[in-house]
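predicted model, plus sequence, below.
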Number of protein chains: 2
Amino acid sequence: MTIPDKFTLVLRDWSETFMRRSMRDFVQFSKDSGLTLPQMSTLFHLHHGSSCGVSDVGELLGVTNAAASQMVDRLVQYELIERTEDPVDRRMKQLKLTNKGRAIVQDSIEARKRWMAKLTNAITPDEQISIITALTILTNAAHDLEPEINQVGNSEKHNQAKNDISVQN
Amino acid sequence: MTIPDKFTLVLRDWSETFMRRSMRDFVQFSKDSGLTLPQMSTLFHLHHGSSCGVSDVGELLGVTNAAASQMVDRLVQYELIERTEDPVDRRMKQLKLTNKGRAIVQDSIEARKRWMAKLTNAITPDEQISIITALTILTNAAHDLEPEINQVGNSEKHNQAKNDISVQN
DNA sequence: TCGTATAGTTAAGCGCTTTTAACTAATAAA
DNA sequence: TTTATTAGTTAAAAGCGCTTAACTATACGA
């Protein structure tokens, strides 16, 4: 078996494990919050990418503007997001998380952090160092595969920054 | 910043990148197949865990038996899964993927494989070796965190086997 | 200024998911 | 054997997500 073959195999194995776990948690958390997956995804998108318009949400979810508009409307009714007019182009709306919405996202992030902390405890510092290097390479490579999507300000250099958290000092 | 802190940060970063990508693909693929997320999840569960009953599906999705039963019924109508009586306990049903159902799952897996192949190409063999080691440790640690859930036959030793794909030969 | 494109909303309608409640059938326990 | 438990189905009702189509309002180009 060649190294690339093994690599792919290991990557697949890890991603299966990881995906199953993450998806389950995400779905569970959404349910507990009384939200659907699209709604939760929208909240996360807003949390990650700051403000955006209704059609951005539609694009994110792969649905029509009408669908996005209705979803947004529900989230506004729940007081999880705030919908205001864009002063420079009054056709557009600016969508932002309310404190209530942000709290939900934070809770979910905290839950994931707890899992990661458990994972961290199960791994020795020496192993952690090598994993840090490995994941940094992986993350940067994944980013480079689709420059448009990742990160908020998506107009700057790739491959160098972002995850360049060196361990040696 | 301590190593565990950095580790958690890097892990979080990678998982965000990876999750966003995977979720998007999964949702997209489900849509393209004309299936909902719960339906797709069910197919994957069956693919992964061989045969199971209706209530297992309910448990997986976190819904009542009634809901699971109706979902299963739809998938049976679509001829994606096969529902037969368990001969030893005739109250139970055995759910299995049909060829049609398996094909859909395989397609989705192929799609992910293609992404991973691209990722593989973006990484040098030397880097791959270190990542293989790192991910193997991570995967095993994650498995050990929840022994009940991972893997089909869940009655044997952990931490040693499963991902012990050594690179050195 | 007039026409067109863009951003978003609204309404009608359909399908899926979900729950509760009532039910059938088979097994296990008394 | 009688009773209780377990597995699953069915029906009714509600909610959400989605699409299409028709609409309002703003911005922009000729």
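Perfect, thanks for sending it. Numbering: from 1, shown residues only, chains lettered A, B, ... in the order given.

C-alpha only now, for contacts and for neighbours.
Fine.

mind listing the helices for chain A?
Under the criterion DSSP state H, chain A contains helices at A:3-32, A:37-49, A:54-61, A:65-77, A:99-121, A:125-145.

what mean pLDDT does the third one have?
To tie it back to what came earlier, the one meant is helix A:54-61. Helix A:54-61 carries an average pLDDT of 94.

same question for the fourth one.
Across helix A:65-77, the average pLDDT comes to 97.

chain center to it: distance?
Centre-to-centre, helix A:65-77 and its host chain are 20 Å apart (Cα atoms, centre = their mean, to the nearest Å).

what residues of that helix count as buried?
Applying a neighbour-count criterion of 16 or more other Cα atoms under 10 Å in any protein chain shown, the buried positions in helix A:65-77 are A:67-69, A:71-73, A:75-76.

within reach of DNA strand D, which of those are there?
Restricting the buried residues of helix A:65-77 to those near DNA strand D by Cα under 7 Å from any atom of the strand leaves A:67-68, A:71.

tabulate those residues in JSON lines, adding columns for distance to DNA strand C.
Shown next, in JSON lines, are these (distance: Cα to the nearest atom of the strand, whole Å):
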{"residue": "A:A67", "distance to DNA strand C": "7"}
{"residue": "A:A68", "distance to DNA strand C": "7"}
{"residue": "A:M71", "distance to DNA strand C": "8"}
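
columns distance to A:I104 on top of the residues you listed, output as TSV?
Below are those laid out as TSV (distance: Cα to Cα, whole Å):
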residue	distance to A:I104
A:A67	23
A:A68	20
A:M71	17
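
and stretch A:6-24 with DNA strand C, contact?
No: applying Cα under 7 Å from any atom of the strand, one finds stretch A:6-24 separated from DNA strand C by no less than 12.1 Å.

hmm, who's touching that stretch?
By Cα atoms under 8 Å, 6 or more residues apart in numbering or on different chains, the residues outside stretch A:6-24 that reach it are B:19, B:22, B:113, B:116-117, B:120, B:128-129, B:131-132, B:135-136, B:138-139, B:142-143, B:150, B:163, B:165, B:167.

flag every residue of chain A that's near DNA strand C.
Counting by Cα under 7 Å from any atom of the strand, chain A comes close to DNA strand C at A:53-56, A:65-70, A:72-73, A:91-94.

let's see that with 10 Å instead.
Residues of chain A lying near DNA strand C by Cα under 10 Å from any atom of the strand: A:27, A:31, A:36-37, A:52-59, A:64-74, A:76, A:83-86, A:89-95.

how near is A:H48 to A:I109?
Distance of A:H48 to A:I109, computed by Cα to Cα, to the nearest Å: 12 Å.

over to A:D126?
Going from A:D126 to A:I109 by Cα to Cα gives 26 Å.

perfect, that will be all.
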